[in-house]
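>>> I'd like to go over a predicted model; first the sequence, then the structure.
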Amino acid sequence: MDHASHGHHITPKSLLIKVFGSLILLTILTVAVSRVHLGALNVPVAIAIAVVKMMLVVTVFMAVKWDNKVNALVIGLSALFVSIFLIFTLFDTAYRGDLSNVDRVPISDQQRQQSAEMAPADAGAAASEMPASGH
Amino acid sequence: MSETVAVPASIDTSVPKNYLNHDKSIKSWLLTLDHKRIALLYLVTISIVFLVAGVLALLVRAELFTAGETLMKPDTYNQFFSLHGILMVFLFIVPSVPAIMGNFVMPMQLGAIDVAFPRLNLASYYIYLIGGVLVVTAILAGNIDTGWTFYTPYSARLGSSVIFMTLAVFIAGFSSILTGLNFIVTIHKMRAPGLTWNRLPLFVWSIYATSIVQVLATPVIGITMLLLLLEKTLQIGIFDPALGGDPILFQHFFWFYSHPAVYIMILPAFGIISDLMGVFSRHEVQGYKFVALSSVAIAFLGFLVWGHHMFVSGQSAISSIVFSLITYLIGIPTGVKVLNWVGTMYRGSVSFKTPMLYALSFLFLFTIGGLTGVALGVLGLDIHLHDTYFVVAHFHYVMMGGTVIAAIGGLHYWWPKITGKMYNETMGSIAAVLIFIGFNVTFFTQFVLGTKGMPRRYYDYQIQYEALHQISTVGSWILASGLFLVLFTFIHSLMKGKKAGSNPWGAATLEWTHTASPPSPHNFDEQPIVTHGPYDYHALARVSGDGAAQTSEPELSESRH
Amino acid sequence: MGTFWMPEGASTMSGEVDSLFYLVYWISVVIFIGVVAAMAYFAIKYRRTRESYVPPIVHENRFLEAAMIFIPLILTMVVFTFGFKTYLKMNIAPPTAYTIEAVASQWKWDFTYPNGKQVTGELHVPEGKPVKVHSTSMDVLHSFFIPQFRVKQDVVPNRYSSVWFQATKVDSFDVFCTEYCGTSHSGMLAKVIVHKPEDFEAWLNAGDDRPLDVQGESLFKANSCNTCHSIDGSRIVGPTFKGLFGSSRTFADGTTRTADEDYLRQSIMQPGSEIVESYPNVMPASYGTTLRPDDVTKIIEYIKTLK
Amino acid sequence: MDQQFDASKMGMWIFLVTEVLLFSGMFVAYTVYRVWHPETFDLLSGALDWRLGGFNTLVLLGSSFTVAMSIHSIQKSDKKATVMYLVITLICAAAFMVVKYIEYTTKFEHGVFPGAHFAPHGEHYAPFDVPYAPQFFSIYFVMTGIHGVHVLVGMGVIAWIAIRTAKGHFDSQYYTPIELTGLYWHLVDIIWIFLFPLLYLI
């Protein structure tokens, strides 16, 4: 706490503008990439770009780079606990019914699938809208 | 560690100006920014909640005295046990120790004049009060019979009272978040010179761990209650299976908060017990660092085990296995604490004052509570025990035998500091023994009921369970008489108690060594400077000058090892 | 007749669950006695005798602290392994298991057998054969629990879940609902009746030749009607059935109607359509879908007998 | 002063953590339903107009930039510039809310409601009446709704801060409220950075 302007870091204007520019570019990139069909990669790419944008905002706009390390730790903790919440919930929901004692697919979906099989005329339409949800 | 703290002149003077009497207007109480007065506001409010919820528990137990209808209709019974749970969990035990003793003691143990954000502290109290008002509204609107867990889809199909109740939980949650936030910043930024992390009293360490859990977990109950509210009002279909939602997802949301919440409830109690064991054994708490860090470890691990409430819910086997495995890990830091507390008495000087009686009964009861918790974490066994009285008994052993017993012990311990008066030691001890006996009669029988298959939340039961239910109900009367004797002891102390000295227990933490009883409005007349650990009774003896002759030197003791 | 803790086991799983329980139990007892004995010994041995005495510092023993971490770690991992094995056995039904469909609703259990036979409130199973109860719920969460078999599984709306067991004793046991489900949660009971295999076959293929009102009385209990409606004139949650048939009913909106067969049928199938004055509208509508028409007739016949 | 500033800032960071955890519930719900019904979610992102979402992203990024600039200015005691940047931030936030309003009302007009009341009609929305579409829109409305409330709260605070700056309450020696408001506003921006691709694009 002994540098200029009463101990506070002043982020240079040029850096702020550069970061702002990069954020705009990344937004355009994320839209552009989503127009391209990447299959399974679409989701991770979109999230990766969002994470990069978040890091830019956090480090420069929110000045964490020059801030007390405890605050950086606080942010890290929040990220950690959100991942815990997400991953541990997915341990259940992504593997629901992995033993024979619980059905993987809800009853309403089973009935929809059955009726789709019974009425082959509709099957094409139903399958394109909602193929095999629950897996 | 040799030299010396000038003992402030104020401790032994009889200056009448203290935080209680420096301004007696009602406004000065209701708008106070003083952490000590806010603690007392909480003490009064939370005690009322405890009384109401406790009477509900007695009525529930009385209804169970005979099979069939004893006192009330099933709907009344279902509402009573639900309200007992909701009040005890969200309005009593979560705020109890942090809001009352955390607020009163923690800033003084830090050598601070107040918490970091006094206005926020007062706001937290009023937010809690608004939550309380909403609970009363919900009760008046009637028909809250969801249990404290609000499981969907049952809760989503009840009347409007559930809206008030979820709002109440949402708002009471904010009070908890803001208190936690306030405490974390206070502990980071307001420590007295010389008070390093290694010299923090263990009560502060535990409040610190608690606050972290409060800040991280409570927002999730907020969003859960909000989603439940929207499920009820707009039928958003996230949790309601009739609309394509998943009721088990609700349980994940609910327990992501509510499991860490049991550590919000028990961690501060650990802190109190650590302090009590140190002071009343007049001995350094064994394994200080292990005890301190185990609080943090428990706080962290507490987030990884919520699924052990859901072994029979229909969740995937993989998650059951992961959650079960991590559940055992919590047993380890908890075991470290228990063994270190016992070890603290080793070669100590153990006094059997009332707070210590509570600490010893805590050790007894909490060990049972903890070990039965491990039994419930065993996958194959939990299937039989889940949702039976075994679970009811287990969490009462932990929550009541643990937290409430520790809280009452802590209240006796800090009572002279809070009020400036001593309580009657005989009455205090009798109450402690009554509570211990009553508690075991009430809840140990419930372990047996549980293994025999008695399901929880039952208004009526098969005749083969009646004898055990009757023993349990009789126990609840003994327990209640003990608790009323505690209340009487405190009222008696307020009216007729002897004046307390600044440090009647010979404790070495700042709230005893550097302030009068009761403290002045700003806690300390001069900024304390800390030169020794929180349980260093040798340093204390040297500083205060008395007892130095009897002190055996630390070097000597080492050679005797 | 069971032990101090566990009720008498009656399935192939109960022995294994019990040994798991006793493993944890005895480890716990030893630890508990150790802690309390040490506590009591230290408290008495080192009790305060001189008020001003400050005892010497005991330095922490790192070896002891480490032991406190590793010994419980090993113990708990052993317990985990056993618990895990039992858990898998309890959840994976043998492929040959005899499957009975169950539907839970507020506040009763309906069971349907492979040959179409339907029973409410009674689960008949053969001894010595694996049986799988494949279940779902009509309304809220329920849970299927038979203490003597040591099995339990939540029953969830819109999803099938199942439990399996192999009964080892010819006897009858209680089935409890252990997930709170509303007013008559504690009345949501059923009996599991274990037959010798040949008796089970006979039961499965037999019709019910009791008089209609006697069958109605069984249905009255099996569907938990008795938890809200008394037969002795007292008020529980809903109106009593004593003297109901033929009486004049006054409703919340002031209208009146004579309680004839049509009225009784309507009150059972659409409970919210006419609410008797001063009573709450809490009866589940699910009876309309889970009761068969001839069951309703039998219950009405039973109500007629309650003068 | 420094001590207080440090404490306030740490308090603010911890508050932001609670905000993140509050939103995390919605992100978990989103992920769970997406994992269960990937095709449905893939299809339904097409029901939202990425041009409006993209515009809102740019507007919000712009407002984040101006907030950062307002802090930069007050650190140099340039009060005029500070007020100007705060006002631009407010305008951006207002533009965001106007677009949000247009998006919501168009959906309501076409029967696109959260949950059980979901009954889409009209050329654009009718094809989206598939199983689990109500869940998608429930999550959409709840996430953007809670985010919108945060924007509104932020607007109120920024307006108040701008007035106080104009009155001369802050300078390079004391500007804690601006800095804290800025942190809050950046978080609102970050949440949107995730909402935009998750809901509109993929």
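Good, I have the coordinates.

>>> any low-confidence regions in chain D?
Flagging of chain D using pLDDT under 70 yields the residue ranges D:1-2.

>>> Show me which residues of it are close to chain B?
Chain D has residues D:3, D:6-8, D:10-11, D:14-15, D:17-19, D:21-26, D:28-29, D:32-33, D:113-117, D:131-132, D:134-135, D:138-139, D:141-142, D:146 near chain B, with proximity defined as CB under 8 Å from any CB of the partner chain. Heads up, the C-betas are built off the backbone N, CA and C, glycines and all.

>>> Check for me that C:Val131 belongs to a helix.
No: using DSSP: H, G, I helix; E, B strand; the rest coil, the secondary structure at C:Val131 is strand, not a helix.

>>> My understanding was that B:Ile171 contacts B:Val133; is that so?
No: contact between B:Ile171 and B:Val133 fails when scored by CB atoms under 8 Å: they sit 9.3 Å apart.

>>> Give me the more crowded residue out of the two.
Set B:Ile171 next to B:Val133 and count neighbours by other CB atoms under 10 Å in any protein chain shown: B:Ile171 wins out with 22 against 13.

>>> Can you tell me the element that one falls in?
Counting by DSSP states H and E, the element that carries B:Ile171 is helix B:161-189.

>>> what's the answer for C:Phe145, then?
Here C:Phe145 sits within strand C:142-146, counting by DSSP H and E.

>>> what pairs with that strand, and is each one parallel or antiparallel?
Strands that pair with strand C:142-146, judged by DSSP bridges, come out as strand C:151-155 (antiparallel), strand C:172-177 (antiparallel).

>>> Adding distance to C:Ser52, mean pLDDT and mean neighbour count as columns, could you present the ones you listed in CSV?
Formatted as CSV, the strands paired with strand C:142-146 follow (distance: least, CB to CB, whole Å; pLDDT from 0 to 100; neighbours: other CB atoms under 10 Å in any protein chain shown):
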stretch, distance to C:Ser52, mean pLDDT, mean neighbour count
strand C:151-155, 59, 95, 27
strand C:172-177, 60, 95, 21
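
>>> just to revisit the earlier point, distance from the strand holding C:Phe145 to the middle of the chain?
Distance, stretch centre to chain centre, for strand C:142-146: 4 Å (CA atoms, centre = their mean, to the nearest Å).

>>> Residue ranges in chain A under the pLDDT threshold?
Along chain A, the parts satisfying pLDDT under 70 run over A:1-7, A:119-135.

>>> try 90
Applying pLDDT under 90 to chain A flags the ranges A:1-12, A:33-43, A:63-72, A:74-75, A:97-101, A:110-135.

>>> Same question for chain C.
Applying pLDDT under 90 to chain C picks out residues C:1-4, C:49-73, C:75-76, C:106-107, C:115-118, C:120, C:205-307.

>>> B:Leu195 and chain A, how far apart?
Distance of B:Leu195 to chain A, given as CB to the nearest CB, to the nearest Å: 17 Å.

>>> For the closest residue to that residue other than its chain neighbours, give me its contacts.
Closest residue to B:Leu195 apart from its sequence neighbours, by CB to CB, 6 or more residues apart in numbering or on different chains: B:Val530 at 4.3 Å. Listed by CB atoms under 8 Å, 6 or more residues apart in numbering or on different chains, the contact set of B:Val530 reads B:111, B:192-195, B:199, B:510.
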